[in-house]
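Colleague: my questions are about this predicted structure, shown below with the sequence.
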Amino acid sequence: MSDQDTPEVTARGGCLCGAVRYELRGPLRGVVLCHCGQCRRSHGYLGAYSSVRLEDLTLLEQDALRWYESSDWARRGFCGTCGGRLFWEPLGQGRMAVAAGSIDQPSGLETLGHIFVAEAADYYEFADGLERHQAGLDT
């Protein structure tokens, strides 16, 4: 692919300390709020993720990037220095979920809805009127 064929940068982002930085090219999916037990334990509340094709993600700084295989079918990427949660990758799907809070502002993204609402914690209620799914969606 020539430089002329390379899509423009859609967004940039990274972790709290800056040891992991990335660029996103191509279309970003709107934000999905995940209430699954793994996201709640990993993020301390819920996970808010956009998504891109793997080929649209470029890691600019990655020495501190660590991966945790959270299940047989997915792994989670985080900064080994500051602990910032960055990625959730469903293996073999060709997409990367990107933590919306790690994307530099303004992101231009909108929240689409909620997934895994059946696993939501008991200390909050859904009051936003967004679409709700009992289980997950494709990334």
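Modeller: Arrived safely, thanks for sending. Numbering: from 1, shown residues only.
Colleague: let me know the helix or strand that Thr10 is in.
Modeller: Assigned by DSSP states H and E, Thr10 falls within strand 9-14.
Colleague: rounded mean pLDDT for that strand, please.
Modeller: On average, the pLDDT along strand 9-14 is 92.
Colleague: now swap in stretch 121-134 and tell me
Modeller: Here the average pLDDT along stretch 121-134 is 92.
Colleague: buried residues, that stretch. List them.
Modeller: Arg132 (16 or more other CB atoms under 10 Å). Every residue, glycine included, has its C-beta placed from N, CA and C.
Colleague: just the residues contacting that stretch, thanks.
Modeller: Contacts to stretch 121-134, defined as CB atoms under 8 Å, 6 or more residues apart in numbering, come from residues 33, 35, 40, 45, 111-118, 120.
Colleague: of the residues you listed, which belong to helices?
Modeller: The helices, defined by DSSP state H, take in Arg40 from the contacts of stretch 121-134.
Colleague: among the contacts of stretch 121-134, which one lies nearest to Glu55?
Modeller: Closest approach between the contacts of stretch 121-134 and Glu55, by CB to CB: Leu112, at 22.5 Å.
Colleague: for that closest one, what are its contacts?
Modeller: By CB under 8 Å, 6+ apart, the neighbours of Leu112 are Arg29, Gly30, Val31, Val32, Leu130, Glu131.
Colleague: residue boundaries of the helices in this protein?
Modeller: So, for the chain - with DSSP H - the helices run 37-43.
Colleague: where does pLDDT dip in it?
Modeller: Residue ranges of the chain with pLDDT under 70: 1-7, 138-139.
Colleague: can you do 90?
Modeller: By pLDDT under 90, the low-scoring segments of the chain are 1-10, 26, 135-139.
Colleague: Pro90 contacts Ser71, doesn't it?
Modeller: No: look at Pro90 against Ser71 with CB atoms under 8 Å: they stay out of range, at 9.3 Å.
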